[in-house]
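Enquirer: kindly return the folded structure for what I paste below:
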Amino acid sequence: MKIGLSFSRCLRDIYDKKVTLDEVIVIIARTDFNPTKDNEWNDVWRAYTQGGLSNAEWMDYLPYEEEFRELTTVMFNRGLIHQPRQFQARPLRMRNYWLDCSVSIDEHTPAQQKAWDNYNLITNLS
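Expert: Okay, the predicted model is just below:
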């Protein structure tokens, strides 16, 4: 299981099949957009492909915008994209952008069980 810390880099890894959607718990993005709204998607896609820190990383992907938008929409609808900027937070760009997580059902403390129960509650709300 993985937690992502960069929408653009995590999205590329999922698109490139380095990570599967089933492995993703959540991606904590530095974005604030809805991929189902054309103007918001266009702004994000332009930012990735025409400027900013991610520009060089995205040059080979320019022809695949529709595939990326479809994947993003699936992730958005599944509740896999958390956008702290919607709540006025400004997360920093991290060098390492995947956190590997492991959850053991057999061995856990009461605090871990409570966290797991809360996680399941939240994921079932979406």
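
Enquirer: please make it C-alpha for all contacts and neighbour counts, starting now.
Expert: Noted.

Enquirer: quick one: contacts of the helix or strand L11 falls within?
Expert: Assigned by DSSP states H and E, L11 belongs to helix 7-15. The contact list for helix 7-15 (CA atoms under 8 Å, 6 or more residues apart in numbering) reads 4, 19-21, 27-31, 48, 54, 68, 71-72, 81, 97-98.

Enquirer: can you give me the helices in the protein?
Expert: Taking DSSP state H, the helices of the chain run over residues 7-15, 38-50, 55-58, 65-77, 110-125.

Enquirer: most neighbours per residue, which of those?
Expert: helix 7-15 (a mean of 18; mean count of other CA atoms under 10 Å).

Enquirer: CA atoms only: put that helix into PDB for me.
Expert: The C-alpha trace of helix 7-15 is given here as PDB (Å, rounded to 0.1, in the frame of the first residue of the first chain):
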ATOM      1  CA  PHE A   7       0.000  14.300  -7.800                       C
ATOM      2  CA  SER A   8       2.000  14.800 -11.000                       C
ATOM      3  CA  ARG A   9       4.800  12.300 -10.300                       C
ATOM      4  CA  CYS A  10       2.400   9.700  -8.700                       C
ATOM      5  CA  LEU A  11       0.000  10.000 -11.700                       C
ATOM      6  CA  ARG A  12       2.900   9.400 -14.100                       C
ATOM      7  CA  ASP A  13       4.000   6.300 -12.100                       C
ATOM      8  CA  ILE A  14       0.400   4.900 -12.200                       C
ATOM      9  CA  TYR A  15       0.100   5.700 -15.900                       C
END
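
Enquirer: residue nearest the centroid of this structure?
Expert: With distances taken as CA atoms, centre = their mean, the residue of the chain nearest its centroid is I27 (2.9 Å).

Enquirer: from what I see, that one and I81 are in contact.
Expert: Yes - taking contacts as CA atoms under 8 Å, I27 lies within contact range of I81: 4.9 Å.

Enquirer: so the lengthiest strand in the chain versus helix 7-15, what angle?
Expert: When the chain is parsed with DSSP state E, its longest strand is strand 24-28. For strand 24-28 against helix 7-15, the angle between stretch directions is 150 degrees (axes from the mean of the first three to the mean of the last three CA atoms, to 10 degrees).

Enquirer: pLDDT of strand 24-28, averaged?
Expert: When pLDDT is averaged over strand 24-28, the result is 91.
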